[in-house]
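Asker: With the input below, show me the fold.
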Amino acid sequence: MGARRAEIWAYVSANTNNIVQYGPFEGLLLTGETSWDAVGDEAAKLLGFYEEEIHPHIEQAIAARPDLVLNVGCAEGYYAVGLARRLPDARTIAFDIDPNAQTVCRKTAVVNYVAARMAVSGGVNAADIETHLAEAQRPFIFMDCEGAEMELLDPEIAPSLKRTRILVELHDFANRAITPILQSRFEQTHDLEIIGEGPRDPNRAPMLARLPSMDRWIAVCENRPEQMFWLNAVPKS
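Answerer: All right, here's what the predicted structure looks like:
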């Protein structure tokens with residue numbers, strides 16, 4: 001299926017000029033490069049279907065007008081640059097341990113004219129996170145770090161997390177303790193919501209209408225290892 005995904009991505013790329021068509025990051029220009037997968041989820045991102053179940057929570061975070069956005073696990077910059085475009089008064093810092101991801105993210109920031117308001121860095125730990133959060137009034141963390149979220153989201157090390165809005169992808173397939181531990185850490189300070197991976201309707205995308213059924217579904221498939229979940233944590237005060 002990988003080869004066909006690449007062909008569909010090329011088709012969508014050509015028909016969108018690598019511009020996101022829908023969702024909170026509509027108008028975002030992607031570079032056409034991926035940071036970790038030769039095929040990636042670029043078609044779903046360009047169509048605006050990528051992680052559609054959290055779109056309302058992204059909009060809520062934007063409406064809260066954070067003055068600092070930390071994107072941990074930025075990959076090619078879809079979220080970091082997308083949020084920087086939507087939040088012109090905020091400072092955005094993108095982290096990724098992969099040097100190629102850092103390079104692509106910087107390119108994405110440049111072509112979207114937000115590089116002056118963004119920093120791109122490598123690895124981060126909980127103490128580093130506290131250093132950044134302590135300087136902000138209304139911080140927001142968007143995190144997708146492949147299982148390291150339990151280590152990084154530790155309010156014992158980073159007490160400013162207790163007043164930070166957080167939206168984190170939960171990689172329970174890496175460690176089944178992640179969700180219950182994060183819930184226990186933040187249940188006193190935050191209103192918590194678990195968001196489950198939901199369905200996609202590729203028939204909403206006109207440019208897919210002439211593709212066979214399987215190709216339409218491949219276009220919006222994110223190739224997850226199992227059903228995924230996110231934790232949305234909003235400070236109570």
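Asker: How about the secondary structure of Ser184?
Answerer: Secondary structure state of Ser184, per DSSP: H, G, I helix; E, B strand; the rest coil, is helix.
Asker: Run a quick neighbour tally on it.
Answerer: Using other C-beta atoms under 10 Å, Ser184 has 9 neighbouring residues. (C-beta placed from N, C-alpha, C; glycine too.)
Asker: Okay, buried residues for stretch 113-131 please.
Answerer: Residues 114-115, 117-118, 120, 124, 126, 128-130 are the ones in stretch 113-131 that count as buried (16 or more other C-beta atoms under 10 Å).
Asker: Stretch 34-53 too?
Answerer: Across stretch 34-53, burial judged by 16+ other C-beta under 10 Å covers 34-35, 39-52.
Asker: Pick out the most distant pair among these.
Answerer: Ser35 and Glu52 (21.1 Å; C-beta to C-beta).
Asker: average pLDDT across the longest helix seen in the chain?
Answerer: Secondary structure of the chain per DSSP state H: the longest helix is helix 2-16. Helix 2-16 shows a mean pLDDT of 92.
Asker: where exactly do the helices run in this structure?
Answerer: 2-16, 42-47, 55-63, 78-86, 99-111, 126-133, 149-152, 178-186, 213-220.
Asker: Quick check on the most far-flung residue of the chain relative to its centre: phi, psi?
Answerer: No residue in the chain sits farther from the centre than Arg210, which is 29.6 Å out by C-alpha atoms, centre = their mean. Backbone torsions of Arg210, given as degrees, to the nearest 10, read phi -90, psi 10.
Asker: Centroid-nearest residue for this structure?
Answerer: Taking C-alpha atoms, centre = their mean, the centroid of the chain lies closest to Tyr79, which sits 4.5 Å from it.
Asker: Show the contacting residues for the residue nearest to Tyr78 when sequence neighbours are not counted.
Answerer: Of all residues not flanking Tyr78 in the chain, Lys45 sits nearest, at 5.6 Å (C-beta to C-beta, 6 or more residues apart in numbering). Contact analysis of Lys45 by C-beta atoms under 8 Å, 6 or more residues apart in numbering lists 20, 30, 78.
Asker: Adding distance to Ser184, neighbour count and pLDDT, write those out as a markdown table.
Answerer: Listed next are those as a markdown table, based on distance: C-beta to C-beta, whole Å; neighbours: other C-beta atoms under 10 Å; pLDDT from 0 to 100:
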| residue | distance to Ser184 | neighbour count | pLDDT |
| --- | --- | --- | --- |
| Val20 | 36 | 20 | 98 |
| Leu30 | 37 | 26 | 96 |
| Tyr78 | 30 | 23 | 97 |
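Asker: Tell me the one of these nearest Cys145?
Answerer: Looking across those and measuring by C-beta to C-beta, the closest to Cys145 is Tyr78, at 14.6 Å.
Asker: rewinding a little: can you list the helices of the chain in TSV and add distance to Asp172?
Answerer: Compiled in TSV, those are given as follows (distance: least, C-beta to C-beta, whole Å):
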stretch	distance to Asp172
helix 2-16	25
helix 42-47	22
helix 55-63	19
helix 78-86	21
helix 99-111	23
helix 126-133	20
helix 149-152	10
helix 178-186	5
helix 213-220	23
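Asker: among these, which is nearest Trp230?
Answerer: Closest to Trp230 of those, according to C-beta to C-beta: helix 55-63, at 7.6 Å.
Asker: who touches the closest one?
Answerer: Residues outside helix 55-63 that contact it (C-beta under 8 Å, 6+ apart) are 23-24, 83, 86-87, 140, 142, 165, 167, 193, 195, 230, 232, 234.
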